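1. Structure here, sequence nowhere to be found:
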């Protein structure tokens, strides 16, 4: 075996082991984070003896209530409903707009239009969330207050801000999914006499469905985990919303607001960890649900 061949084999083995080590490290980090959050979150039920039913389905929130008065009340139903409602509405608004924008950018826009749209989407993706929240607080909330004669801080304001925030993520991933399709699909559709709209709606979009579903999942995860921007416009009222114009709060907002007011090891602090665990489990549930829906849907 020559020296050159030995160097090539050494590099191949080194690359193989480095890749395996990085993959293993990623798995270990993910499992460690999940285990740590689970251990911290379960302390609420095992160490502080909080009723899980009360934690999940009660709307009463008095985590600092003394034991002489019955102990803390830590119902998180209002927070959970707020997180789910604002995230789903944001995806319902931003998802279709993002898919249409991606289709236009990849299949319809001229070359100069693509050169303008792509950097614009990338710039939107790089804007910090606090900037979105500040714009919503300065412009959107006063607009809703003036035009709809409401408080302004509301579920509507939160979902509109989040819809704008997830658009860059969904647009970029959907556009990449459309670009990765084989050109033969489009040419075969045109050869059969399909119009451009028929080709896009009945051939390209169904073929790109896995990538589009992944984009929506990531957009949903971005919306569900956002804290600061939502906190600035949603009102932070710890009660169930009665309409889309009602102020409310989310799991992430409640955690960020209360995290500086607690002492590690106390019931209040453990409850915040339990809310983090709940947030993690709901995120996993959304991902699994959307994956199942994406696999079971039939395009005709």
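-> Now that the structure is in, tell me what you want to look at. Treat the numbers as computed from the prediction; the structure is a model and nothing was measured.

2. What residues sit buried inside the host helix or strand of residue 219?
-> Applying DSSP states H and E as the criterion places residue 219 in helix 209-225. Neighbour-count burial for helix 209-225 flags 211-225 (criterion: 16 or more other CB atoms under 10 Å). (C-beta placed from N, C-alpha, C; glycine too.)

3. Then stretch 175-187?
-> 175, 177, 178, 181, 186.

4. and of those residues, the nearest to residue 68?
-> Within the buried residues of stretch 175-187, proximity to residue 68 (CB to CB) peaks at residue 177, which comes in at 59.1 Å.

5. in the stretch 1-150 of the chain, which ranges drop under the pLDDT threshold?
-> For the stretch 1-150 of the chain, the stretches with pLDDT under 70 are 1, 5.

6. For it, which segments are assigned as strands?
-> Using DSSP state E, counting those that start in this stretch, the strands found in the stretch 1-150 of the chain span residues 61-62, 73-74.

7. Now tabulate those in JSON lines and tack on distance to residue 263.
-> Shown next, in JSON lines, are the strands of the stretch 1-150 of the chain (distance: least, CB to CB, whole Å):
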{"stretch": "strand 61-62", "distance to residue 263": "17"}
{"stretch": "strand 73-74", "distance to residue 263": "16"}
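
8. can you list these in CSV and add mean neighbour count and distance to residue 195?
-> As requested, the strands of the stretch 1-150 of the chain are exported to CSV (neighbours: other CB atoms under 10 Å; distance: least, CB to CB, whole Å):
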stretch, mean neighbour count, distance to residue 195
strand 61-62, 18, 56
strand 73-74, 20, 58
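
9. Tell me the confidence at residue 300?
-> Per-residue confidence (pLDDT) for residue 300: 40.

10. before we move on, what about residue 296?
-> For residue 296, pLDDT reads 52.

11. circling back to that earlier point, show me what the helix holding residue 219 is packed against.
-> Applying 3 or more CB pairs under 8 Å, 6 or more residues apart in numbering; DSSP states H and E, one finds that helix 209-225 contacts helix 77-103, helix 155-179, helix 267-296.

12. Quick check: which of those helices is nearest to residue 33?
-> Each of the helices and strands packed on helix 209-225 was scored for nearness to residue 33 using CB to CB, and the closest is helix 267-296 (8.7 Å).

13. Show me which positions of the closest one end up buried.
-> The neighbour-count check on helix 267-296 (16+ other CB under 10 Å) flags 267-280, 282-283, 286, 290 as buried.

14. for the chain, longest helix please?
-> Of all segments of type helix in the chain, defined using DSSP state H, the longest is helix 3-46.

15. hmm, back to that, chain center to the helix holding residue 219, what's the gap?
-> Offset of helix 209-225 from its chain centre (CA atoms, centre = their mean, to the nearest Å): 7 Å.

16. neighbouring contacts of whatever helix or strand comes next after that helix?
-> Note on helix 209-225: by DSSP H and E, the next helix or strand toward the C-terminus is helix 228-233. Identification of contacts with helix 228-233 by CB atoms under 8 Å, 6 or more residues apart in numbering yields 86, 129-130, 132-134, 136-137, 140-141, 153-154, 157-158, 161-162, 165, 249-250, 252-253, 256-257.
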